[in-house]
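Colleague: How does the following fold in three dimensions:
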Amino acid sequence: MMTNKKVYIVIVTYNSMKWMEKCLKSLRASQYPLHIIVVDNCSKDNTVSYLSEQKDVELIVNKQNKGFGQANNQGIKFALEQGADYCFLLNQDAYIHPDTIEKLIETHLQFPSAGILTPVHLNGNGAGLDPYYRNFVLPTSDAFLTDACIGEVKRYYDVDLVPAAGWFIPKNTLEKIGGFDPLFFHYGEDDNYMQRLRYHQMPIVMDRQAFIRHDRESTVGNAKVYLNKKNRRELLILASDINYSKGYIIQKIGKQFFANLSLNFFYLLGRKFGAMWNFFGDYWYLYANRKRLRVSRENNRILQKNWL
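Modeller: So this is what the prediction gives:
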């Protein structure tokens, strides 16, 4: 299946030499022609010099780390200016299969109202599911789990959540929803984007016949980065969720605050003053950013090219 649709791959890099050659090799082996955009977030290794030598790569170099979401927005904006019909957001440590893009275009033709099309995310060696993908997707798709148990698995399934390591986004979605919200620097921006899709009733469709491999196992320190300021990030994800009213969110955050307040008594007994500071600091951060949150919620309720 070949169409005249222009597909732009957008990859955000930071010290990516460990994976970049393999990632680009997988893209070059695609059965569907691709345009490759790489946005580098101020790498300290040889990533920029290596990518500068790749003639089929459009390289954008940031002088500072702008975070995952904003760097992706740079790549998406450039792709749209070049006439992209689709943007495929791919992690630097992920690799596509030769037929991945063709399969996802087929999926979009079947589900033209979909906000995001997602392949199945395998682990680095392709022997099983990527653990984050499994934890995100399977609990949100009763239909898939049911069909798997009774031996009647279909090709396509609606899912509520999917990691942004491999998002195939149609131009229509980007024009109506926009890019990632600048409220989030690293982690949480994908949760927020999916909340916005849900609010505007644009489903996420998984194609069970399309695959990427996510070499997360070799990403040293990934878990540590994810856990850093986890509570603050989850508060921000909740506070920015336009599917809920402001009153409901305030009530829920208030209940959570007082439910966890007792923990600080034990922190005090254990002289864990750093943990106490972090606890109160997370809620203060939310209050200090209340104006940004208000602007975010107002903008994201409107169908427009937000944040691009």
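Colleague: Could you list the low-pLDDT ranges of this structure?
Modeller: Within the chain, the segments meeting pLDDT under 70 span 1-2, 139-140, 217-228, 263-273, 275.
Colleague: you'd agree residue 12 is in a strand?
Modeller: Yes: note on residue 12: a strand contains this position according to DSSP: H, G, I helix; E, B strand; the rest coil.
Colleague: any idea how far it is from residue 247?
Modeller: According to Cβ to Cβ, to the nearest Å, residue 12 stands 36 Å off from residue 247. (Glycine included, C-beta is placed from N, CA and C.)
Colleague: more neighbours, those two?
Modeller: residue 12 (27 against 8; other Cβ atoms under 10 Å).
Colleague: Can you name the residues bridging to that one?
Modeller: As for beta bridges, residue 12 partners with residue 39 under DSSP bridges.
Colleague: list the contacts for it?
Modeller: Listed by Cβ atoms under 8 Å, 6 or more residues apart in numbering, the contact set of residue 12 reads 38, 39, 40, 41, 68, 71, 72, 75, 91, 92.
Colleague: hmm, 7 Å instead?
Modeller: 39, 41, 68, 71, 72, 92 (Cβ atoms under 7 Å, 6 or more residues apart in numbering).
Colleague: what are the phi and psi values for the fifth one?
Modeller: So the one you mean is residue 72. phi -60, psi -40 (degrees, to the nearest 10).
Colleague: Number of residues surrounding it?
Modeller: Using other Cβ under 10 Å, residue 72 is surrounded by 26 other residues.
Colleague: what do you get for the second one?
Modeller: Residues near residue 41, counting by other Cβ under 10 Å, number 24.
Colleague: Would you mind measuring from it to residue 16?
Modeller: From residue 41 to residue 16 the distance is 10 Å (Cβ to Cβ).
Colleague: So residue 255 versus residue 283, what's the distance?
Modeller: In terms of Cβ to Cβ, residue 255 sits 13 Å off from residue 283.
Colleague: Who has more neighbours out of those two?
Modeller: residue 283 (17 against 10).
Colleague: Grab the nearest non-local neighbour of that one.
Modeller: Counting by Cβ to Cβ, 6 or more residues apart in numbering, residue 283 lies nearest to residue 257, which is 6.0 Å off, once chain neighbours are set aside.
Colleague: does the one you found sit in a helix or strand, and which one?
Modeller: helix 246-261 (DSSP states H and E).
Colleague: Next: residue 119.
Modeller: Using DSSP H and E, the element containing residue 119 is strand 116-123.
Colleague: And this structure, what are its domain boundaries?
Modeller: 7-225, 229-300 (automatic domain parsing).
Colleague: ok, back up a step: check the contacts of residue 12 against residue 20 and report the nearest one.
Modeller: Residue 20 lies nearest to residue 92 out of the contacts of residue 12, by Cβ to Cβ, at 6.6 Å.
Colleague: how about that closest one, what does it touch?
Modeller: 11, 12, 13, 16, 19, 20, 23.
Colleague: what does residue 136 give?
Modeller: 161, 162, 163 are the contacts of residue 136 under Cβ under 7 Å, 6+ apart.
Colleague: same thing with residue 188?
Modeller: By Cβ under 7 Å, 6+ apart, the residues touching residue 188 are 233, 236, 237.
Colleague: Make sure the second one is indeed in a helix.
Modeller: Yes: counting by three-state DSSP, residue 236 falls inside a helix.
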